[in-house]
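Peer 1: no sequence on this one, just coordinates:
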């Protein structure tokens, strides 16, 4: 079978293109080596926003007395929060798969690569499949890179994926990089009681934002006990 469109990558860019292509009458295939939904649904936007909502609720409960609400012995169950996050992710993935079924989009699980013009190779541990397509869309996304001398081992050094699968809440956390993702994790973990330090090589956190915004965020972080170290690099 020859597809009108084959998309490599099942993240927001890939699955949106697949659904729209099918809505316009095309025969569409999508290749994804992991889980449909990509980083955003499985390891990024959705799970982190779920944990943020939990940490924000905890913060509000800490200030409930000022509204005349008595909340005693409030604690944060990190394991339960991760389980809740997983339930939300699985629910949304089921909805996404249902959309693909409705629009008759074929999903190929495996690592996709362009073999030649109009041909996509899909590798799995047990077989190789070649897909013919008139048009190919590359939406493969990106992965976190190791920063020498730090190597992600899933225990002492973790990336954005591993941190969402920790067996327990860390007592302390050093976040290398003060960009949007680093600040988001700093915000979440500081609220649930982790001692957080941010190390940013540039002269301000959130380097892509205006300096006034960076200063305000750093001020708020420091008021909450987050140690922000700018203009410094990790060497060992």
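Peer 2: Alright, I've got the coordinates. Since this is a predicted model, take the numbers as computed values, not measurements.
Peer 1: Surely residue 141 touches residue 11?
Peer 2: Yes. Look at residue 141 against residue 11 with Cβ atoms under 8 Å: they come within range, at 5.0 Å. Where you see a C-beta, it was placed from the backbone N, CA and C, and this is true even at glycine.
Peer 1: neighbour count winner among these two?
Peer 2: residue 11 (23 against 16; other Cβ atoms under 10 Å).
Peer 1: Leaving out chain neighbours, which residue sits closest to the more buried one?
Peer 2: Among residues not flanking residue 11 along the chain, residue 38 sits closest, at 2.3 Å (Cβ to Cβ, 6 or more residues apart in numbering).
Peer 1: That neighbour touches residue 142, doesn't it?
Peer 2: No. Contact criterion Cβ under 8 Å: residue 38 and residue 142 do not qualify, at 10.2 Å.
Peer 1: Among the two, which residue is more densely surrounded?
Peer 2: Each of residue 38 and residue 142 has its neighbours counted (other Cβ under 10 Å); residue 38 has more, 22 against 7.
Peer 1: Kindly report the domain assignment for this structure.
Peer 2: 1-143, 170-230 (automatic domain parsing).
Peer 1: Can you classify residue 132 by secondary structure?
Peer 2: In three-state terms, and counting by DSSP: H, G, I helix; E, B strand; the rest coil, residue 132 is strand.
Peer 1: Identify the bridge partners of it.
Peer 2: With DSSP bridges as the criterion, residue 132 is bridged to residue 2, residue 119.
Peer 1: That one and residue 2: what is the separation?
Peer 2: The spacing between residue 132 and residue 2, counted by Cβ to Cβ, to the nearest Å, is 4 Å.
Peer 1: Please name every helix or strand in contact with the top helix by length along the chain.
Peer 2: Counting by DSSP state H, the longest helix found in the chain is helix 78-102. The helices and strands touching helix 78-102, judged by 3 or more Cβ pairs under 8 Å, 6 or more residues apart in numbering; DSSP states H and E, are helix 12-23, helix 38-42, helix 45-62.
Peer 1: what sits up against the second one?
Peer 2: Outside helix 38-42, the residues that touch it by Cβ atoms under 8 Å, 6 or more residues apart in numbering are 9-15, 32, 34-35, 46, 89, 92-93, 96, 141-142, 160.
Peer 1: Cool, thanks, talk later.
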